[in-house]
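J.: here is my input, please return the structure:
(2 chains)
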Amino acid sequence: MVAHLLRLKLTLLRNGLRRSPWQLVGMAFGGLYALSVVATLVVVLVLLRQADHELVYTAVVLGGSAAVLGWGIIPVVASATDLTLDPARFTTFAVPMKQMLAGLALGGLIGIPGLATALVALSTVVTWSRGVLPALAALVGAALGVLTCIVLSKVVTTATASLASSRRFKDVSAVAFMVPLVLLGPIVAGVGRGITASTGFLPDFARTLSWTPLGAPWALAGDIEAGRLGAAAFKLLISVAVLAGLAWFWKLLLERALVTPPYSGSGKRKGGKLGLLGFLPAAPAGAVMSRALTYWVRDPRYSGSLIVIPLLPVVLVFQGSQTGDFSTLALLAPLSAFILAWSISADVSYDNTAFALHLASGVRGVDDRLGRALACLAFALPVVLVFAVGYSAFTADLEALPGQLGLSLGILFTGLGLSSVVSARYTVAVPLPGDSPFKKPPGNVGQTLAVQFAGLGVLMVLVLPEAALLVAQLVTGNSLFGWLNLAVGLVLGMGLFVIGVRLGGKWLDARGPELLAQVTVNR
Amino acid sequence: MTAQQPDPARPAGPVAALSIRGLAKRFGQKIAVDGISLDVPAGSFFGIVGPNGAGKTTTLSMATGLLRPDFGTAVVHGVDVWARPLEAKRLMGILPDGVRLFDRLTGEQLITYAGLLRGMDKDVVASRVGELLAALDLAQDAGTLVVDYSAGMTKKIALASALIHAPRLLVLDEPFEAVDPVSASNIRSILDSYVASGGTVIVSSHVMDLVQRMCDHVAVVAGGRLLATGTVDEVRGGVSLEDRFVQLVGGRSRTEGLEWLRTF
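T.: Residues are numbered from 1 along each chain as shown, chains lettered A, B, ... in the order given. Here you go, the predicted model:
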């Protein structure tokens, strides 16, 4: 039965890849990335074999603890749980619970994260191969550690399954997860500074962790090598007890989950609130605009990228305060303009087959394009203006303001025009509607990369005049170039915006059905 | 055989609400639709029946301008769908099967959106939305996001979006799937009165019983080809539509065998 479950998982994986060769390419990219990370860690672990005992002990225990913690937290917050072997699908099969648990646990090993963790954990055996006993202890520790990772993640996901299947939780957690991700740089820097400030903190921390379920399995080999046999025995006991406890708890949860399917009902709500649809002009373009704006707020795939914007100045100011040089802050307005304008370049891909409504209604391409571009412009324009003015106020450099505005507005308008063309012609791989923004999107990874890079290249060429004028102002110090930049940014940008919307609209009229067929592949 | 194929060479008569000629589509190696020609008379309640994978959805997608055919034409009330798509789509209300909706809108917002996309007046949309929600028993859930709807409610809200602009031709792909019996009979009476006042309805289904009771014309499609078409009475020729359908399509496996199923 365990073998059956494993074979099922492999078959599902293989059939998933068979759907399109590009899926394979995507998997290969993910695999390559994981492989490079794994290879680095393995090499480090092998090299650590020669290193000082204290250093190795600290590194292995901290790394192992981080892995266990990650397996416990990431599946929930990223709502990216691997549900290929969802226990709920086995309810009708009367699989004996013990074999089901074993099968699901081993099944968790199959897949990139599981294999990567197992490989890295096993290389600690090499690290500790300084004697027979430490090596053996490392092997036992690695097995216990990896199993703890997997069973912990199963416990957490089973326990939160009914919570996590509620749409509201998914939406909120996906967007909230974005915040620490964007602030990763400052957080890491802050933690790093705290650590260097107190030397000897890490080894102490590792020693403490090694007595907790997180670190115990990873500390076995180190303790044995150092001759702390009693401690090692006790930690072995901790690891085994925790693993057994987790497995028992998982069994309880699973037994309960199998007879109580997640309830995702929500209260009835009467209508009467049309939101923006009742507010904006009643024309097709206005309707598209209000729908798009509603999505910017309600769809985590959009709002996730929106939440990055207010965090950008935080990151840049932090970076400036670290180095004492705030010149990178000049990038704030142009960068935000680019991010926001480019964010609608995959709009039709984000719609997925819901785009059929536009096609069936016979919306003119121009209206479709204009509505989406105006929706983005509605908040992007104030943001860019505030950022550009804010930068000038912050640096007390009013001379730079016209140039800043010229370049930023140029990028914004040109980018929106270009995005309108790109999303009318090419589809890219994006997370499906309702999926977490972090979920690996199905579909054509190769085309996605090509579209993104080619689009970037074209955008750079299109905003060359503004960029050249900015450089001219920097070199000559003549503020005339700044005013010229503002004029060029506005006129050229708006011109390209209009051309982009028209051309995109024309292409959409001509190729709407083909576009729908392309997004239908990825549903 | 009482049902006859329309002559592919003959142009569409002026009475046809939908007239398709030689529609064909191939997906890779698989020929999904293999030259279907069909006339749907104006004012008829027309059922398209066929087994799973017969090409019903593909045919309807090509007839409504959602999927470009490899060969053939589709004409709606004299307007060529693929030569003048915007004009043709104004005449049609479409409920496609297996596509997503803009499900982060509330039910009410979605219907309103569909109306505004058609360029309709705001007040007209507002009053029609209210009536549609009431007629489809959705008034209590009008403010709920469509993503939180059940399958049947989703189907009903999609149907409402197809009705909002009072089209002359309604093309409904599997409209009764997952819809509860009460709502289904509400929908049927809406459609009946729509046909009585001169509208044309095309529904696809594989529930023969439903089609026999509801439709006046029927077309049987299997393996991407049209097997029979005409009025329901012509096609079924005295036997029930279901029996006639099984005769036409074939593939009924013998009921012998599976004896072990009785050995519990």
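J.: residues near the residue in the stretch 101-250 of chain B that chain A sits nearest to, how many?
T.: Going by CB to the nearest CB, chain A is nearest to B:Ala142 of the stretch 101-250 of chain B, at 2.6 Å. Every C-beta, even on glycine, is put in place using the N, C-alpha and C of the backbone. For B:Ala142, the count of nearby residues is 24 (other CB atoms under 10 Å in any protein chain shown).
J.: need phi/psi at it.
T.: The phi/psi pair for B:Ala142 (degrees, to the nearest 10) reads phi -60, psi -30.
J.: so it is in contact with B:Thr112, correct?
T.: No. The criterion here is CB atoms under 8 Å, and B:Ala142 misses it with B:Thr112 at 10.2 Å.
J.: so which elements touch whichever strand or helix holds A:Gly512?
T.: Under the criterion of DSSP states H and E, A:Gly512 resides in helix A:479-521. For helix A:479-521, the packing partners by 3 or more CB pairs under 8 Å, 6 or more residues apart in numbering or on different chains; DSSP states H and E come out as helix A:347-351, helix A:356-361, helix A:365-395, helix A:401-425, helix A:464-476, helix B:85-91.
J.: got the phi/psi numbers for the residue nearest to B:Val124 when sequence neighbours are not counted?
T.: Excluding its sequence neighbours, the residue lying closest to B:Val124 (CB to CB, 6 or more residues apart in numbering or on different chains) is B:Gly115, at 7.7 Å. Main-chain dihedrals, B:Gly115, degrees, to the nearest 10: phi -70, psi -50.
J.: relative to A:Ser361, how far out is B:Gly115?
T.: 9 Å (CB to CB, to the nearest Å).
J.: tally of neighbours for the nearest residue to A:Leu329 once chain neighbours are set aside?
T.: In space, and not counting its chain neighbours, A:Leu329 is closest to A:Leu316: 5.1 Å by CB to CB, 6+ apart. When neighbours are counted by other CB under 10 Å, A:Leu316 registers 18.
J.: packing partners of the helix or strand where A:Leu316 lies?
T.: Using DSSP H and E, A:Leu316 maps to helix A:308-323. Other elements packing on helix A:308-323 under the criterion 3+ CB pairs under 8 Å, 6+ apart are helix A:167-182, helix A:184-197, helix A:332-342, helix A:365-395.
J.: show me where pLDDT drops low in the stretch 1-150 of chain B?
T.: Scanning the stretch 1-150 of chain B with the threshold set as pLDDT under 70 gives B:1-15.
J.: for it, which segments count as helices?
T.: B:56-63, B:85-91, B:107-117, B:122-135 (DSSP state H, counting those that start in this stretch).
J.: so how far is the third one from its chain's centroid?
T.: Once both centres are worked out by CA atoms, centre = their mean, to the nearest Å, helix B:107-117 turns out to sit 21 Å from its chain's centre.
J.: just checking, what packs against it?
T.: Where contact means 3+ CB pairs under 8 Å, 6+ apart, helix B:107-117 is packed against helix A:284-298, helix A:356-361, helix B:122-135, helix B:151-163.
J.: just want the angle from it to helix A:365-395.
T.: Angle of helix B:107-117 versus helix A:365-395, following axes from the mean of the first three to the mean of the last three CA atoms, to 10 degrees, is 110 degrees.
J.: what residues sit buried inside helix B:107-117?
T.: B:107-117 (16 or more other CB atoms under 10 Å in any protein chain shown).
J.: now do the last one
T.: With burial defined by 16+ other CB under 10 Å, the residues of helix B:122-135 counted as buried are B:122, B:125-126, B:128-130, B:132-133, B:135.
J.: sorry, back to before: can you lay out the helices and strands packed on helix A:479-521 as CSV showing distance to A:Ala510 and mean neighbour count?
T.: Listed next are those as CSV, based on distance: least, CB to CB, whole Å; neighbours: other CB atoms under 10 Å in any protein chain shown:
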stretch, distance to A:Ala510, mean neighbour count
helix A:347-351, 14, 25
helix A:356-361, 12, 26
helix A:365-395, 8, 21
helix A:401-425, 9, 27
helix A:464-476, 29, 17
helix B:85-91, 10, 19
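J.: spit out the contact partners of B:Ile94.
T.: A:360, B:64, B:66, B:162, B:171 (CB atoms under 8 Å, 6 or more residues apart in numbering or on different chains).
J.: rerun at 7 Å
T.: Contacts for B:Ile94 (CB atoms under 7 Å, 6 or more residues apart in numbering or on different chains) come out as A:360, B:64, B:162, B:171.
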